[in-house]
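Asker: predicted coordinates and the sequence they were generated for:
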Amino acid sequence: MVIDGSNRVLLVRHSYRSGWFFPGGGVEWNETIETALARELEEEVGVSLTGPVQLHGIFGNFASFPGDHIALFVVRQWRRNGDYHEPGEIAETGMFGVSNLPSDTDLGARRRLSEILDRTPISASW
C-alpha cells in the first residue's frame, strides 16, 4: 500500500481484470519478500522506495487458490517516475483518498485501508 502525505493511496487497474487494486506481484526464486516489493513497485508503477517499509500483515486469499497468501507492506517513503505504469499489464493508476475510492475497488484493499487509516480490527482474510 503506497500512501502519500495526504493519506491518498496508489491503486492500479489491470488490463486483464476489472476493479482497482494495490500494486503488487510475486516473489521470484532467491528473492526476499522486501526485494520483491521494491522490484514490483518499480516495474508496475515506477515507484522507488526511499525509506523503510512496514509489514502490516499476511493475509489468506483463498478465493481462487487455497494456498494463496498476500503480504501487505505500508510504503510511506517513496518517489515516483511521473505517471509511469507497466504497459500491457497496468491499464491505469490513480491516487485516491479513502472518501473517493473507485466504486469497484477490491474489497480486500478496502479492508486494509480501514485497518491502517481508521484502525479497525485486523482480519486474517483478504
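Answerer: Structure received. Numbering: from 1, shown residues only.
Asker: now do the contacts for the residue nearest to the spatial centre of the chain.
Answerer: Geometric centre of the chain, nearest residue: residue 22, 2.7 Å, by C-alpha atoms, centre = their mean. Shown in contact with residue 22 (C-beta atoms under 8 Å, 6 or more residues apart in numbering): 1, 2, 9, 10, 11, 12, 72, 106, 109, 112. Where C-beta positions appear, they are placed from N, C-alpha and C, glycine not excepted.
Asker: ok, then the element right after the longest helix along the chain?
Answerer: Longest helix of the chain, by residue count under DSSP state H: helix 33-45. Going down the chain from helix 33-45, the next helix or strand is strand 47-49, by DSSP states H and E.
Asker: looks like residue 23 contacts residue 9 (just checking).
Answerer: No: the criterion here is C-beta atoms under 8 Å, and residue 23 misses it with residue 9 at 10.2 Å.
Asker: which residues do those two both contact?
Answerer: Shared contacts of residue 23 and residue 9 (C-beta under 8 Å, 6+ apart): residue 2.
Asker: what's the longest helix of the chain packed up against?
Answerer: strand 9-14, strand 47-49, strand 69-74, strand 90-96 (3 or more C-beta pairs under 8 Å, 6 or more residues apart in numbering; DSSP states H and E).
Asker: between the contacts of residue 22, which is nearest residue 38?
Answerer: Nearest to residue 38 out of the contacts of residue 22 is residue 2 (C-beta to C-beta; 11.8 Å).
Asker: what does that closest one show for phi and psi?
Answerer: Torsion angles at residue 2 (phi, psi; degrees, to the nearest 10) stand at phi -90, psi 120.
Asker: and it, bridged to which residues?
Answerer: For residue 2, the beta-bridge partners are residue 75 (DSSP bridges).
Asker: show me what contacts it?
Answerer: By C-beta under 8 Å, 6+ apart, the contact set of residue 2 is 9, 10, 22, 23, 41, 45, 47, 75, 78.
Asker: from those, pick the one nearest residue 96.
Answerer: Closest to residue 96 out of these is residue 9 (5.9 Å), distances taken as C-beta to C-beta.
Asker: check that closest one and give its pLDDT.
Answerer: On pLDDT, residue 9 comes in at 97.
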